[in-house]
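Undergrad: Only the shape, not the letters, is given here:
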């Protein structure tokens, strides 16, 4: 199951960065998000997977698709950016170098070798809820409230940035 | 049982696919999509390491949850900026933008 999901995620991500049409990139990003949600289900983080699907696949992808429809009409009709091959080579080299460094670090340290223990333990929803809005130790009401204020600030900021400016400014 | 290295390998691959997309694409929305791929890779690592080290704890899970929230806010603001850029410059490519204010 993990292999299927991994191949699905990697293939979709590759298609997402390789394709030249922006709408297809958004669709493949949706596939990647669903695949990552599947990995969360596999890790028995069902709440996390639900949040991933509802926030990412429901909200963020919808924002992207609306933005694409608003911004680039020409892009949808096929005459789309041509990725220059020199830049492609540079990007590929950078990505490969980083991947090599990370792989070497993981292989060199080898700090965790035992297989995933206790992978079939699901956190009870009640514990998640009390930890999310509790104010004690190891409880998370402060970042929760901070995130909510941050989202409000981002909504207001987005409205201010995207609103039509007056002509006489 | 799936060894933890598989999760690390998947996360690293996803991360660097995102980096590659961020470097190569010149479209603003495509770059943003690549950033989303990078964020998902990091979320995956958080969840896997939390499951491995502290199966009873939920620190990594909440970290991932907050990262999802921040990513939603970030993409909303970035989309607002992109729409404004498109309105001003009639283009959605980074090469078209010479100054921040025309």
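TA: Alright, I've got the coordinates. Remember, predicted model here, so these are calculated numbers, not experimental data.

Undergrad: list the helices and strands the helix or strand residue A:153 falls within packs on?
TA: Per DSSP states H and E, residue A:153 falls inside helix A:141-162. On a contact count with 3 or more Cβ pairs under 8 Å, 6 or more residues apart in numbering or on different chains; DSSP states H and E, helix A:141-162 meets helix A:125-133, helix B:59-89. Any C-beta I mention is one placed from the backbone N, CA and C, and that applies to glycine too.

Undergrad: Now tell me which helix or strand of chain A has the poorest mean pLDDT.
TA: Sorting the helices and strands of chain A by mean pLDDT, DSSP states H and E puts helix A:73-76 at the bottom, at a mean of 57.

Undergrad: where does chain B dip in pLDDT?
TA: B:1, B:90-102 (pLDDT under 70).

Undergrad: And the helix holding residue A:153, how far out from the chain middle?
TA: 19 Å (Cα atoms, centre = their mean, to the nearest Å).

Undergrad: swap in stretch B:69-89?
TA: For stretch B:69-89 - counting by Cα atoms, centre = their mean - the centre lies 14 Å from the chain centre.

Undergrad: so does the helix ranked longest in chain A get close to chain B?
TA: Identified as the longest helix of chain A according to DSSP state H is helix A:85-109. Yes - Helix A:85-109 lies within reach of chain B by Cβ under 8 Å from any Cβ of the partner chain, at A:87-88, A:90-92, A:94-96, A:98-99, A:102-103, A:106.

Undergrad: quick one, phi psi at the spatially most central residue of chain B?
TA: For chain B, the residue nearest the mean C-alpha position is residue B:36 (2.6 Å; Cα atoms, centre = their mean). Main-chain torsions, residue B:36, degrees, to the nearest 10: phi -60, psi -40.

Undergrad: Tell me the spacing between it and residue A:28.
TA: 11 Å (Cβ to Cβ, to the nearest Å).

Undergrad: Also residue A:7?
TA: Plainly put, residue A:7 is 14 Å away from residue A:28 if you go by Cβ to Cβ.

Undergrad: Look at the two and report which has more neighbours.
TA: residue A:28 (21 against 12; other Cβ atoms under 10 Å in any protein chain shown).

Undergrad: tell me which element the more buried one is part of?
TA: Here residue A:28, judged by DSSP H and E, is contained in helix A:22-42.
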